[in-house]
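Peer 1: Return a 3D structure for these sequence lines:
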Amino acid sequence: MPPLIVLVGPTAVGKTDLAVRLAEELKAEILTADSMQIYKGMNIGTAKPTREERRGVPHHLIDLVDPDQTFTVVDYQEHYRKKLKELEIKKSIPILSGGTGLYVRAVTQDFSFPDPPADSKLRAELRQKAETEGKTALHQWLSRVDPKSAAKIHVNDVKRTLRALEVYVNTGTPFSKLQKSVGGNKLSEDTIYIGLSRTREELYQRIELRVDQMIKTGLREEVQSLLELGYGPELQSMQGLGYKEIIPVIKGETTLDQALTLLKTRTRRYAKRQLTWFRREPIERWFALEKGDEQKTFLKILKYIEGRINQVSNK
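Peer 2: You can find the predicted model right below:
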């Protein structure tokens, strides 16, 4: 069975390009671990790789559902396992690449998650509570009923706070008690887990450039089109970074400059949370990327992975 290569890091660190280059060298295929790129028609705001950026390398686990469809980490596990089996039959090396830490953990550490029935009414009520009382009050509620989950979820991460509360209200059991790791939080021996990083200054510069480029390539028009298709601001998909900031611009409630400033700030905070998450994961080797020195670092990563593949193959 081919080894699984896992490539993670914060948003804008350079995962997409590096994963494609590795796939070209290793004749591998990419499994995307991104909770926003699963949505069809949401391309610019999610930084979904274009056809040109993919350079002929097969990408899987993107464009799975419409923006108004419910999609959970359990759904992701099911899609991932099905696709992984297909790659095993083809004897293709899989590269799992993305920044959604929960997705990566769910499939590499074999996590079991609660999957209560969807309750759109409850979800709407909780979201309304977040809007009227504030995210801090919502997080404090979670701290009272499920302190373990609250300790792992940042107060600004409203989506995950809502999810944990939804599970608690629906089941009467804290989310932290329902989820468990079947594999005991251990990776399989044929997993090669790599982390990517940059200096904070350079990462933040790349985030600002990415946001500016999103506007140039049509983010505002993409959001406008989604709204015209009937995908409202209340949807989980439309709460993603890039979409929730641009919607008020389209409604005339704020200016584009104000929205971009807010988006850049929120994206920087998101990148910081991602790094915090991944530092708790069983990453075996971190590689620091640096502007102007990416080729040298790529060759180091390739050499390391090829060496590890040989180790796995000889076991």
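
Peer 1: just the helices in the protein please.
Peer 2: Counting by DSSP state H, the chain has helices at residues 15-26, 51-54, 73-90, 101-108, 120-133, 135-145, 147-152, 158-171, 175-178, 200-216, 219-228, 243-250, 256-278, 294-313.

Peer 1: Of those helices, which shows the lowest average pLDDT?
Peer 2: Across these, helix 175-178 has the smallest mean pLDDT, namely a mean of 71.

Peer 1: Let's see that one as CSV, backbone CA atoms only.
Peer 2: Taking Å, rounded to 0.1, in the frame of the first residue of the first chain, the C-alpha atoms of helix 175-178 are listed here in CSV:
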residue,chain,number,x,y,z
PHE,A,175,-19.4,17.2,22.4
SER,A,176,-16.0,16.4,24.0
LYS,A,177,-17.4,13.2,25.5
LEU,A,178,-19.0,12.0,22.2
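
Peer 1: name the helices or strands packed onto that helix?
Peer 2: If you count contacts as 3 or more CB pairs under 8 Å, 6 or more residues apart in numbering; DSSP states H and E, helix 175-178 packs onto helix 147-152, helix 158-171. Using the backbone N, CA and C atoms, a C-beta is placed for each residue, glycine as well.

Peer 1: If we use 6 Å, what do you get?
Peer 2: Helix 175-178 sits against helix 147-152, with contacts defined as 3 or more CB pairs under 6 Å, 6 or more residues apart in numbering; DSSP states H and E.

Peer 1: OK, contacts around the spatially most central residue of the chain?
Peer 2: By CA atoms, centre = their mean, the mean C-alpha position of the chain lies nearest to T100, the distance being 2.4 Å. Neighbouring residues of T100 by CB atoms under 6 Å, 6 or more residues apart in numbering: 33-35.

Peer 1: go with 10 Å
Peer 2: 8, 32-38, 73, 76, 106, 274, 277 (CB atoms under 10 Å, 6 or more residues apart in numbering).

Peer 1: Output stretch 8-25 as CSV, nothing but the C-alphas.
Peer 2: Provided in CSV are the C-alpha atoms of stretch 8-25 (Å, rounded to 0.1, in the frame of the first residue of the first chain):
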residue,chain,number,x,y,z
VAL,A,8,-0.3,21.0,6.4
GLY,A,9,0.2,24.6,7.4
PRO,A,10,-1.6,28.0,7.8
THR,A,11,-3.4,29.7,5.0
ALA,A,12,-1.2,31.4,2.3
VAL,A,13,1.9,29.5,3.4
GLY,A,14,2.3,27.9,0.0
LYS,A,15,0.7,24.4,0.4
THR,A,16,-1.0,24.4,-3.0
ASP,A,17,2.0,25.0,-5.1
LEU,A,18,4.3,22.7,-3.1
ALA,A,19,1.7,19.9,-3.1
VAL,A,20,1.4,20.1,-6.9
ARG,A,21,5.2,20.1,-7.3
LEU,A,22,5.5,17.0,-5.1
ALA,A,23,2.7,15.3,-6.9
GLU,A,24,4.4,15.9,-10.2
GLU,A,25,7.7,14.4,-8.9
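
Peer 1: I'm done for today, thanks for sticking with me.
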